[in-house]
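1. Quick one, what's the 3D model for this:
(one chain, ligands or ions: 2)
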Amino acid sequence: MSDNAPSPPESPLIRIRGLHKHFGDLHVLRGVDLDIYRGETVCLLGSSGGGKTVLVKHMVALLEFEEGSVQIDGVELSNLSERALSPIRKKVGMMFQNGALFDSMNVAQNVAFPLVESGITDDTELDRRVREALEIVRLPEQENTMPADLSGGMKKRVALARAIIDRPDCVCYDEPHAGLDPVTADTIDKLIKCLQNDHGITNIVITHDLRSVFRIADRIVFMKDGKVYWQGTCKEMQTSTDPVITQFIAGNDGNGDHWND
Ligand SMILES: Nc1ncnc2c1ncn2[C@@H]1O[C@H](COP(=O)(O)OP(=O)(O)OP(=O)(O)O)[C@@H](O)[C@H]1O
Ligand SMILES: [Mg+2]
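-> Residues are numbered from 1 along each chain as shown. Ligands and ions are numbered 1, 2, ... in the order given. As a prediction, the model looks like this:
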């Protein structure tokens, strides 16, 4: 085989085909086809209300399946019972929009939550795993702090520690840059790339912040009208002549503000 020979196609970590979702009369997902490969950082873009959050919620089976297929590591999610979903859900961690921390729990309790839910009760093990996760997100020794006493950027890092504590293969980030100043957004980007490069994590990042996208994305997926409209590299996006893509770039001022139709 010559050096230039294409490598054999690898099977995707996440494979989505023909995914549809309605909420009443609202047809949000209209046949999404998407593959996510191991070890890549994919940024998911599109207009506000376009179905990005709904799509990633299907990857962790947080919404009832209607039509179509979602496979994680070759396992079809749509027909699984709650019990059978549990080991599959561990493969995909979720950092929710706005962090979604429990205000009445301290940092350690928030971060440990997925482990406690999965039945781990040994305090030494929980402490060790919490410490490990907080070190990865560069937030050591904050175990006893309450969410109300954390800055916006720190809250996001706690949410990230909670998303990775059960050692997922993939993390979905729902608008990790929203509400952050550019310097704090940079810190989150560095963590996302560190998880990819040092811990082998596959990243799916929903964001409106093009500045971050061009810094972290290996691949960009652009959703429109409930489908994947366009996908490509940062360079391909920057040089695209597709009017929807050029309008998106022109309308995005790079500070994370929402872009609407
Ligand atoms: N549980 C739900 N019940 C009813 N409608 C919903 C529900 N979840 C989402 N929707 C609707 O589905 C559409 C897509 O929502 P979604 O949150 O996926 O958009 P988004 O692309 O993530 O937008 P944004 O960029 O503003 O976060 C919206 O119109 C939203 O109101
Ligand atoms: Mg959303």
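2. Could you tell me which residues of the protein lie near ligand 1?
-> Proximity of the chain to ligand 1, by C-beta under 6 Å from any ligand atom, involves residues 23, 26, 28, 46, 48-54. The way it works is simple: take the backbone N, C-alpha and C, and place the C-beta from them, glycine included.
3. Would you reformat those residues as CSV and include neighbour count?
-> What follows is these, written out as CSV (neighbours: other C-beta atoms under 10 Å):
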residue, neighbour count
F23, 9
L26, 10
V28, 19
G46, 25
S48, 10
G49, 13
G50, 22
G51, 25
K52, 24
T53, 18
V54, 18
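4. Could you identify the most distant pair in those residues?
-> With distance counted by C-beta to C-beta, no two of those lie farther apart than F23 and G46, which are 17.0 Å apart.
5. middle-most residue in the chain, spatially?
-> Nearest to the geometric centre of the chain sits C172, at 1.5 Å (C-alpha atoms, centre = their mean).
6. Direction included, what does the helix or strand containing that one pair against?
-> C172 belongs to strand 170-174 when elements are defined using DSSP states H and E. The strands that strand 170-174 pairs with in its sheet are strand 92-95 (parallel), strand 202-206 (parallel) (by DSSP bridges).
7. Let me see the ranges of the strands in the protein.
-> If you assign secondary structure with DSSP state E, the strands in the chain sit at 14-23, 26-36, 41-46, 67-72, 75-76, 92-95, 170-174, 202-206, 219-224, 227-232.
8. could I get those strands as TSV with mean pLDDT and distance to P243?
-> TSV is the format used below for the strands of the chain (pLDDT from 0 to 100; distance: least, C-beta to C-beta, whole Å):
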stretch	mean pLDDT	distance to P243
strand 14-23	97	26
strand 26-36	97	20
strand 41-46	97	15
strand 67-72	95	28
strand 75-76	93	37
strand 92-95	92	32
strand 170-174	96	28
strand 202-206	98	23
strand 219-224	97	12
strand 227-232	97	11
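9. Pipe those into a markdown table and attach distance to P114 per row.
-> As requested, the strands of the chain are arranged in a markdown table below (distance: least, C-beta to C-beta, whole Å):
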| stretch | distance to P114 |
| --- | --- |
| strand 14-23 | 19 |
| strand 26-36 | 21 |
| strand 41-46 | 22 |
| strand 67-72 | 17 |
| strand 75-76 | 19 |
| strand 92-95 | 8 |
| strand 170-174 | 12 |
| strand 202-206 | 18 |
| strand 219-224 | 26 |
| strand 227-232 | 29 |
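10. how about the ones you listed, which one is nearest E143?
-> With C-beta to C-beta, the closest approach to E143 among the strands of the chain belongs to strand 92-95: 19.2 Å.
11. rewinding a little: restrict the strand holding C172 to CA atoms and write it as PDB.
-> Once non-C-alpha atoms are left out, strand 170-174 reads as follows in PDB (Å, rounded to 0.1, in the frame of the first residue of the first chain):
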ATOM      1  CA  CYS A 170     -17.500  11.000  24.200                       C
ATOM      2  CA  VAL A 171     -18.700  14.300  25.800                       C
ATOM      3  CA  CYS A 172     -21.500  16.500  24.400                       C
ATOM      4  CA  TYR A 173     -21.200  20.100  25.400                       C
ATOM      5  CA  ASP A 174     -24.300  22.200  25.000                       C
END
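12. Let me know the angle separating that strand from strand 67-72.
-> Taking axes from the mean of the first three to the mean of the last three C-alpha atoms, to 10 degrees, one finds that strand 170-174 is oriented at 120 degrees with respect to strand 67-72.
13. Give the full set of residues in contact with R215.
-> Counting by C-beta atoms under 8 Å, 6 or more residues apart in numbering, R215 touches D189.
14. how close does it sit to ligand 1?
-> When C-beta to the nearest ligand atom, to the nearest Å is the yardstick, R215 and ligand 1 sit 20 Å from each other.
15. and if you look at V183?
-> Using C-beta to the nearest ligand atom, one obtains 23 Å as the distance from V183 to ligand 1.
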